Each structure stands twice: as C-alpha cells, then as structure tokens.
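# following is a predicted model, sequence given first.
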Amino acid sequence: DTAVSQTPKYLVTQMGNDKSIKCEQNLGHDTMYWYKQDSKKFLKIMFSYNNKELIINETVPNRFSPKSPDKAHLNLHINSLELGDSAVYFCASSPGRSNEQFFGPGTRLTVL
Amino acid sequence: DQQVKQNSPSLSVQEGRISILNCDYTNSMFDYFLWYKKYPAEGPTFLISISSIKDKNEDGRFTVFLNKSAKHLSLHIVPSQPGDSAVYFCAAILPGTYKYIFGTGTRLKVLA
C-alpha cells in the first residue's frame, strides 16, 4: 500500500490553463505539506495543513490554492498556469513537527 | 537567502569506503536536523535525524554529527554500498514551526 500518493505523476499543459494535483496519505498523519522542486533542484515548502487548518503559507502566488477536504487529503489547485510553474511538486505528511516527513513520488508539471 | 547549504553538488566514493556528506547552516535557532535520500523519479525518504541538544546520532551504517559552534552537520555512511547512490538532502527546522528548510542536495555515487 502506498503511504503518500499523488495524481497525476506527469502533467503537461498549456499556459493559462487551470490544473489540480491530488494528494492522499493513508498513514493517519495530522499534517500535510506541498513542496516545489524547481530546475535548480531546490526543495521549497509552499503550504502546510495541520488537521485541515492552514499553518504554513509561504510567499507563493495566489494562483496556487491548497484545499484540504479532510485530514487524509491535500490537493493543490493552480490557476492561470505560467511557464515558471514548471517543476516537480511533492506532497508530504508527518505525524508531528519534529517527526520525519513522508513524501509522495512527485508530480512533474510541464507548462508549454 | 539560503539558510541551509550543501556546498558539494556531487561526491564519488569507492564501495566499502566511507562517504561523508556535509551541510552548513546559518540560523543558530534551528533545533532539529534531518537527512533525506532521493532516488530519481521518487520522493525523498527519511534517513536519520538529530536534535540540537545532541552531537551524534547513529543508525546502522549511518551516523549524523552536529557541530553547533561551527553550524555544521555531516552524514557518514560506512561502509558505502552501490545502492547508496542517490541525492542526499539535509533539512533543518525552526522551533515551534513545521517548516523544513532543505539544502540543495549532494549527489552521491558509490562505485563498485
């Protein structure tokens, strides 16, 4: 059983489109995260939810909106996609603050 | 401003020898540090962690050393195996936050 899953694994789309990436964890964790890994391989946190409440919201364009329908899911919706949004997006979850985070396999987003 | 730095983008080591991966940080307030390993097309996976109140933590072939005065962290892998070939990220957490700050990664290649 996959602990943290993301769909889709690959996403190719045109500039200006709106797209969503879904994330689900079956570990019973309270906290979930979205990271972006850009072309320089920096892994940067974007958002984090704890028990469906937003606790981290980094300096991210408001075209990006996370949605947590329940503790096990944290989806990422991106409006008006731009070329610079091309990256690998990772979802992660953890049981607490200083515990290890479990990462999903990543979604490679390519904006043409 | 990159608060966590891994100055060696790559490292090659012979199988059976020791691999030493280094990480420097600038913020003395970090209270917890972790190492993650990442294979291509997969998410990072947790390896080992250390609290700022300790200077060493060991788990099998992996040992993490923390030198707070130098703001330096290192991961030792002994003996290195070909399956250890991956990108290694160090990460740090500020007290009271869930926010991991990742280094840029070091690609380790273990030669058979």
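Alright, I've got the coordinates. Numbers count the residues shown, from 1 in each chain, chains lettered A, B, ... in the order given.
# so what's A:Glu24 up against?
If a contact means CB atoms under 8 Å, 6 or more residues apart in numbering or on different chains, then A:Glu24 has A:Val4, A:Ser5, A:Ala72, A:His73 as its contacts. C-beta here means a position set from N, CA and C on the backbone, and glycine is covered the same way.
# partners of the spatially most central residue of chain A in the sheet?
For chain A, the residue sitting closest to the mean C-alpha position, by CA atoms, centre = their mean, is A:Trp34 at 3.2 Å. Residues in a beta bridge with A:Trp34, per DSSP bridges, are A:Phe47, A:Cys91.
# out of the contacts of A:Glu24, who's nearest chain B?
Proximity of the contacts of A:Glu24 to chain B (CB to the nearest CB) peaks at A:Val4, which lies at 7.2 Å.
# on that earlier part again, including neighbour count and pLDDT, could the contacts of A:Glu24 go into JSON lines?
Formatted as JSON lines, the contacts of A:Glu24 follow (neighbours: other CB atoms under 10 Å in any protein chain shown; pLDDT from 0 to 100):
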{"residue": "A:Val4", "neighbour count": "23", "pLDDT": "96"}
{"residue": "A:Ser5", "neighbour count": "15", "pLDDT": "96"}
{"residue": "A:Ala72", "neighbour count": "15", "pLDDT": "93"}
{"residue": "A:His73", "neighbour count": "16", "pLDDT": "94"}
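# returning to what we had before: looks like the residue nearest to the centre of chain A contacts A:Ser65 (just checking).
No: in this structure A:Trp34 lies outside contact range of A:Ser65 using CB atoms under 8 Å: 10.7 Å.
# SS state for B:Gly83?
What DSSP: H, G, I helix; E, B strand; the rest coil gives for B:Gly83 is helix.
# quick revisit: what is the nearest of the contacts of A:Glu24 to B:Val87?
Of all those, B:Val87 sits closest to A:Val4, with 18.7 Å by CB to CB.
# these two touch, right, the closest one and B:Gly43?
Yes: assessed by CB under 8 Å, A:Val4 is found in contact with B:Gly43 at 7.2 Å.
# near chain B, which residues of chain A?
Counting by CB under 8 Å from any CB of the partner chain, the positions of chain A adjacent to chain B are A:4, A:31, A:33, A:40-45, A:48, A:50, A:55-56, A:90, A:92, A:94, A:97-98, A:100-106.
# list the buried ones in the helix or strand B:Val13 falls within?
In this structure, B:Val13 sits in strand B:10-14 according to DSSP states H and E. The neighbour-count check on strand B:10-14 (16 or more other CB atoms under 10 Å in any protein chain shown) flags B:Leu11, B:Val13 as buried.
# pairing partners for the helix or strand bottoming out on mean pLDDT in chain B, with directions?
Across the helices and strands of chain B, mean confidence by mean pLDDT, DSSP states H and E is lowest for strand B:100-102: a mean of 91. Taking DSSP bridges as the criterion, strand B:100-102 forms sheet pairs with strand B:86-93 (antiparallel).
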